[in-house]
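Engineer: take this sequence and fold it.
(one chain, ligands or ions: 2)
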Amino acid sequence: MSNALADTPEGAVVGIEIPHESATLHVTGAALYTDDLVGRTQGVLHAWPVQVMHVHARVTAMRVEPALAVPGVARVLTAADVPGINDAGVKHDEPLFPTEVCYMGHAVAWVLGETPEAARLGAEAVEVEVEELTSIVTVREAIDAGSYQGAARTVSRGDVEAGLAAAAHRFSGELEIGGQEHFYLETHAALALVDEGGQVFVQSSTQHPSETQEIVAHVLGMRSHEVTVQCLRMGGGFGGKEMQPHGLAAVAALGATLTGRPVRVRLTRPQDMTMTGKRHPFHASWEVGFDDAGRILALRAELTADGGWSLDLSEPVLARALCHVDNAYWVPNIELHGRVAKTNKTSQTAFRGFGGPQGMAVLEDLLGRLAPALGLQADELRRRNFYGPGQHAPYGQPIRHAERITEIWERVRATSDYDGRSAAVAAFNSAHAHVKRGLAITPVKFGISFNLTAFNQAGALVHVYKDGSVLINHGGTEMGQGLHTKMLQVAATALGVPLGFVRLAPTRTDKVPNTSATAASSGADLNGGAVQDACRQIIERLRGVAAATLGVHGHDVRFSGGMVTALGGGAALTWAEVIADAYTQRVSLSAAGYYRTEGLHWDAERMQGSPFKYYAYGAAVTEVEVDGFTGAYRTLRTDIVHDVGDSLSPLIDRGQVEGGYVQGAGWLTLEDLRWDGSDGAGRGRLATQAASTYKLPSFSEMPEDFRVEFFARAHESGVVYGSKAVGEPPLMLAFSVREAIRQACAAFGPAGHCVDLACPSTPEAVFWAIESARAEMRVALSTTTPAHVEA
Ligand code: MTE
Ligand code: MOS
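Structural biologist: Ligands and ions are numbered 1, 2, ... in the order given. Below you'll find the model as predicted:
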């Protein structure tokens, strides 16, 4: 048995298709989420935020007495109650109880009540006086006013001026990219309790329990060892619970320490939508030069992320955006500038892809837009610019396995019958005046690891009990992505026992300390490495125990399927027998595992280094049909080939690919966050704060024919059991939907028409793109057929 991280033994439990470990609980409603614990807890107080409905204002006076007069109100929490630091973030720019209202709906105090209704009425009774301040709502206003926060960053290579000067074809343009609401089914929730020793226990729907613990401790003026945070599971996080849960957990914990009673915070959907951060909207302006063959010679772009009122994760999101503008394309001369705008909106945060999608959108959009101007099919223009082996990313990292970009591309072209269907789409379009189809193919290359090297570490705790049963704990959180399922499979594989021998306990900071957020798609890579390490420590000890019983050398002992045997046959022991022997011989049956990703380095200021362990690759072909009267579209068929390495859990990975793609399609074509940018009383108000006004993808937006294939022979030598991360990369396969829509819009215009399509490409945006295509068609017809020219 080899001991390399990626080596998979005979009889492995990884790679087997099994359902999500909680699938039955999910679909029967039996799965417990944080807020379900409230009904099982005695004497809970409910917290309600005092949201101020001004876009930007200074609080000049606040009277809480009227709230205390409301029946059932127990207490009002204000800044004066904070024993530690009144801040909910890691950048110290997010006062938990602010004196400045920085966006419409900003909570300045919290009311605790015996019932949610009492707390709500209490919050309404709090009197807040404010003095209005000037505000900045849109990213354009921020750019005009020079309103920025955090560090500006640049990624560059080569000589852009020389590249542009040498280019046969030069273009410039702009793109505005919309944000996205996470719309996890479970809104933010926390439940805090204090024990007899003053120890604080917070149940939180958080992707980052360790950081929730740190923030709770600093708000309470406590040390980390006095605060424990547990996350049972989340009903979706999607990045929205990486940073945003901390302040809410701190409110619950503060309430609990002050009242001695359990305190619950659970945001309603409108509160969640108006108070918590979203995917960053971006503004981009660019200049690009191509040679005669359509190869990019130079690109200069300026990206502005709309960070909202505080920094939160905006700087790392921007860094990832800048590291993903290139996507799958070699750009010899490149200069990418990025900065974070400060606006009077919610503090925008992580969202699946973490800025990567916004960065890629810039180049994917301009390639789709400019292909006709270069006289090329969009797919051909993309292919001509792919990275090849030996090339480096603009930030200096070699593109490992660059050949996979072309291999995956060719594979999905073949499996989707791209050429045959292109011809069929052209025939359909010439036969239909008011309905057009579009077919597009786009690639994905996404870097895996946290940009910040220090975050790439993880821990695990594995116990084997005397009866041979196994309990594992790791630092990652479960948000539906199937991490726990994969970790069960990793442990069963590493111990050589059947899956049923292993159970998993909820994520807690007192079991595994100092964990990173479950984010950057690295949950399985990192925690899988740590779980495997803990299991292998135990196996090494058991090897000695079994060797003595079997009378062989320890090297020749095999653990597989719950049996312990010697190489070459002979006697066999059961797992339980070996465990019983080990206990009797006083051999420890418990181990703490640790893993850190090797080979990473990153200079965050110069934006140079090798921040990623490897890249995840994929490509998608999507066909859509667009209605010329309404701009509405249907996705007829999607074919995906995606690289997940040797899948740890194929059914889970398939779900991630499908779900990521649909979520990406939502971001690019449906979901439209609208903030009131007028000068009226509603200025800064989020107009889309419920499912009634915010269009989410659902079953009706699924491709009618959806085919997902994993790239074959994709073993990844540097990762646990040869697997690859899958959580975020598939989201960006959805560029193929938007590009297919662009193709369909182009079919309403004359040959060579360049389609400028707003993003998100909602039916309304599509309609206007069709209108401009038609207008150009009329011009083309009138100039080419003189008989029709009007006098
Ligand atoms: N899948 C589900 N069902 N729910 C989620 O909240 N979050 C995504 C992705 N897939 C998410 C999901 C995001 S943003 C990330 S970073 C990864 O899962 C995190 O989990 P992993 O590192 O275990 O892949
Ligand atoms: Mo994912 S955006 O890294 O939580």
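Engineer: near the nearest residue to Asn451 once chain neighbours are set aside, how many other residues are there?
Structural biologist: Spatial nearest neighbour of Asn451, chain neighbours left out: Pro611 (4.7 Å); criterion: Cβ to Cβ, 6 or more residues apart in numbering. Using the backbone N, CA and C atoms, a C-beta is placed for each residue, glycine as well. Neighbour count of Pro611, defined by other Cβ atoms under 10 Å: 26.
Engineer: can you list phi and psi of Pro611 for me?
Structural biologist: Here is the backbone geometry of Pro611 (degrees, to the nearest 10): phi -80, psi -20.
Engineer: same deal with Glu598?
Structural biologist: Main-chain dihedrals, Glu598, degrees, to the nearest 10: phi -90, psi 160.
Engineer: now swap in Ile136 and tell me
Structural biologist: Torsion angles at Ile136 (phi, psi; degrees, to the nearest 10) stand at phi -130, psi 120.
Engineer: please report the distance of it from ligand 2.
Structural biologist: Remark: distance between Ile136 and ligand 2 (Cβ to the nearest ligand atom, to the nearest Å) = 26 Å.
Engineer: need the contact list for that residue.
Structural biologist: The contact partners of Ile136, taken as Cβ atoms under 8 Å, 6 or more residues apart in numbering, are His56, Ala142, Ala145, Ser147, Ala341, Lys342, Thr343, Asn344.
Engineer: of those, which belong to helices?
Structural biologist: Here DSSP state H is the test, and those give Ala142, Ala145 as lying in helices.
Engineer: who does the lengthiest helix in the chain touch, helix- and strand-wise?
Structural biologist: For the chain, the helix with the greatest residue count under DSSP H is helix 523-550. Helices and strands touching helix 523-550, by 3 or more Cβ pairs under 8 Å, 6 or more residues apart in numbering; DSSP states H and E, are strand 457-464, strand 470-474, helix 483-495, strand 557-560, strand 563-566, strand 572-574, helix 575-584, strand 590-596.
Engineer: show me what from the chain comes close to ligand 2.
Structural biologist: Proximity of the chain to ligand 2 (Cβ under 6 Å from any ligand atom) is limited to residues Gln207, Gly239, Glu242, Ala350, Phe351, Arg352, Phe354, Ala519, Ala520, Glu728.
Engineer: filter those residues down to the ones close to ligand 1.
Structural biologist: Near ligand 1, judged by Cβ under 6 Å from any ligand atom, the entries from the residues of the chain next to ligand 2 are Gly239, Arg352, Ala519, Ala520, Glu728.
Engineer: thinking again about what came up before, hmm, the residue nearest to Asn451 is touching Gly447, no?
Structural biologist: Yes: using Cβ atoms under 8 Å, Pro611 is in contact with Gly447, at 6.6 Å.
Engineer: overlap in contacts of the two?
Structural biologist: Cys323, Gln397.
Engineer: quick one: low-confidence parts of the stretch 551-700 of the chain?
Structural biologist: Counting by pLDDT under 70, the stretch 551-700 of the chain contains no low-confidence residues.
Engineer: show me the helices in it, by range?
Structural biologist: Shown for the stretch 551-700 of the chain, the helices assigned by DSSP state H, counting those that start in this stretch span residues 575-584, 650-669.
Engineer: need the winner for burial among those.
Structural biologist: Highest mean neighbour count among these (mean count of other Cβ atoms under 10 Å): helix 650-669, with a mean of 24.
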